[in-house]
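>>> Make a model of this:
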Amino acid sequence: MKRHCALKHGIFKEFLAEFLGTFVLVLFGCGSVAQTVLSRNTLGESLTIHIGFSTGLMMGVYVAGGVSGGHLNPAVSLAMVLLGKLKIYKFPIYVIAQFLGAFAGAAAVFGLYYNAFMEFTSGILSVTGINATGHIFASYPGRHLTVLGGFIDQVIGTGMLVLCILAIIDGKNIGAPRGMEPLAIGLIILAISVSMGLNCGYPINPARDLGPRLFTAVAGWGMEVFSTANYWWWIPVAGPMVGGVAGAVVYFLLIELHHPSPEKPKEETEEEEEEEEEDEDSSLKDKYEMITMS
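Sure, this is the predicted structure:
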């Protein structure tokens with residue numbers, strides 16, 4: 001009974017950690033977009049948005065990392081399940097926490113800038129047009145982007161995210177110094193944002209995209225957030241999940257699988273040899289005593 005209660009308590013702590021970590025990510029990330037858009041680029045630009053999402057992820061991982069690992073992304077959680085680093089029964093719990101955290105983060109940004117939203121849009125919240133604000137919370141494709149191109153974009157972007165995260169946390173690789181992992185992971189997002197942001201703004205996280213999109217649907221933007229751009233919404237959900245699996249498989253097959261087997265320390269080897277010699281000596285002594293007695 002006590003073990004069952006402890007297990008439930010542990011899962012609840014991990015749920016709260018993933019929720020709060022994702023909340024921090026979306027608050028800083030979408031908040032940086034809101035400040036840029038609503039100020040009409042006078043208090044922000046593309047680079048400040050990249051920094052906002054990078055530091056948001058970094059701080060979110062610092063918040064949740066010690067409790068849940070700080071996944072903050074269903075694609076990362078799926079990759080960890082695939083590699084045996086996360087128990088499968090925890091996966092839906094993590095995903096729910098991440099979606100709720102992202103939804104709450106979007107709500108916080110809207111509340112924080114509510115007056116600015118009303119002034120910018122004259123009270124008309126829209127996804128398209130000169131005063132569009134839906135893209136503050138969720139991704140939408142560039143005019144040049146096809147459905148297939150968008151899907152490939154998300155697979156590659158998320159694949160690189162997961163592959164690099166696995167390299168950072170791999171104790172048998174160079175890795176990152178203890179406590180510096182969130183900083184290194186934040187730099188991954190910065191690298192992706194400045195190199196893969198043209199097509200659709202690098203969502204690479206189903207929770208970070210769909211959670212805020214759901215918020216905009218109920219907060220006044222309406223169902224247009226799902227129908228715009230030929231029902232684009234499913235691509236930043238499905239693409240990252242495929243990309244996360246692909247990144248995990250590539251890292252496992254090309255790197256992790258080829259790590260040398262751990263060698264025993266020299267001291268342990270010497271101790272084992274000494275124990276074997278002692279066993280041989282005691283065995284010989286026993287045999288001598290048996291012969292003498294007979």
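>>> elements contacting the helix or strand hosting residue 23?
Secondary structure assignment for residue 23, by DSSP states H and E: helix 2-38. Taking 3 or more C-beta pairs under 8 Å, 6 or more residues apart in numbering; DSSP states H and E as contact, the helices and strands that helix 2-38 lies on are helix 46-68, helix 91-112, helix 114-121, helix 206-216. In short, each C-beta sits where N, CA and C put it, glycine included.
>>> Check which helices and strands the third one sits against.
Using 3+ C-beta pairs under 8 Å, 6+ apart as the contact test, the elements touching helix 114-121 are helix 2-38.
>>> Quick check: mean pLDDT of the helix it packs on?
When pLDDT is averaged over helix 2-38, the result is 91.
>>> Let me see the contact set for the closest residue in space to residue 103 that isn't next to it in sequence.
Closest residue in space to residue 103, ignoring its immediate chain neighbours: residue 211 at 4.2 Å, by C-beta to C-beta, 6 or more residues apart in numbering. By C-beta atoms under 8 Å, 6 or more residues apart in numbering, the residues touching residue 211 are 22, 26, 98, 99, 100, 101, 102, 103, 105, 106.
>>> Give the residue spans of the stretch 151-294 of the chain that score low on pLDDT.
262-294 (pLDDT under 70).
>>> Where do the strands of it begin and end?
Using DSSP state E, counting those that start in this stretch, no strands are assigned anywhere in the stretch 151-294 of the chain.
>>> Break down it into its helices, ranges please.
With helices called from DSSP state H, counting those that start in this stretch, the stretch 151-294 of the chain shows them at 181-196, 206-216, 224-231, 235-254, 266-293.
>>> Please identify the deepest-packed of the helices and strands packed on helix 2-38.
helix 206-216 (a mean of 26; mean count of other C-beta atoms under 10 Å).
>>> State the phi and psi torsions of residue 173.
Torsion angles at residue 173 (phi, psi; degrees, to the nearest 10) stand at phi -100, psi -170.
>>> Show the contacting residues for the nearest residue to it once chain neighbours are set aside.
Leaving aside its chain neighbours, residue 173 sits nearest to residue 167 (5.6 Å; criterion: C-beta to C-beta, 6+ apart). If you count contacts by C-beta under 8 Å, 6+ apart, residue 167 has them with 173, 174, 175, 251, 255.
>>> Go through the residues you listed and say which is closest to residue 84.
Taking C-beta to C-beta as the measure, residue 251 is the one of the contacts of residue 167 closest to residue 84, at 13.4 Å.
>>> contacting residues around that closest one?
When the contact criterion is C-beta under 8 Å, 6+ apart, the partners of residue 251 are 162, 163, 166, 167.
>>> Next, count neighbours for the nearest residue to residue 93 once chain neighbours are set aside.
The shortest distance from residue 93 to any non-neighbouring residue, by C-beta to C-beta, 6+ apart, is to residue 15 (5.5 Å). For residue 15, the count of nearby residues is 20 (other C-beta atoms under 10 Å).
>>> measure residue 15 to residue 249 for me?
Residue 15 sits at a distance of 28 Å from residue 249 (criterion: C-beta to C-beta, to the nearest Å).
>>> One more: residue 165?
Residue 165 sits 14 Å away from residue 249, going by C-beta to C-beta.
>>> quick one, which of these two is more surrounded?
More neighbours surround residue 165 than the other of residue 165 and residue 249, with 25 against 16 (other C-beta under 10 Å).
>>> Report the contact partners of the nearest residue to the more buried one once chain neighbours are set aside.
Nearest non-adjacent residue to residue 165, counting by C-beta to C-beta, 6+ apart: residue 185, 5.9 Å away. If you count contacts by C-beta under 8 Å, 6+ apart, residue 185 has them with 57, 58, 61, 164, 165, 168.
>>> Among these, find me the one that's closest to residue 236.
When those are ranked by distance to residue 236 (C-beta to C-beta), residue 57 comes first, at 15.9 Å.
>>> Kindly indicate whether residue 127 is helix, strand or coil.
Of the three states, residue 127 takes coil according to DSSP: H, G, I helix; E, B strand; the rest coil.
>>> Over to the one 5 residues further on?
Remark: residue 132 carries the secondary structure label coil [criterion: three-state DSSP].
>>> My guess is it contacts residue 126. True?
Yes: contact status for residue 132 versus residue 126: in contact at 5.3 Å, counting by C-beta atoms under 8 Å.
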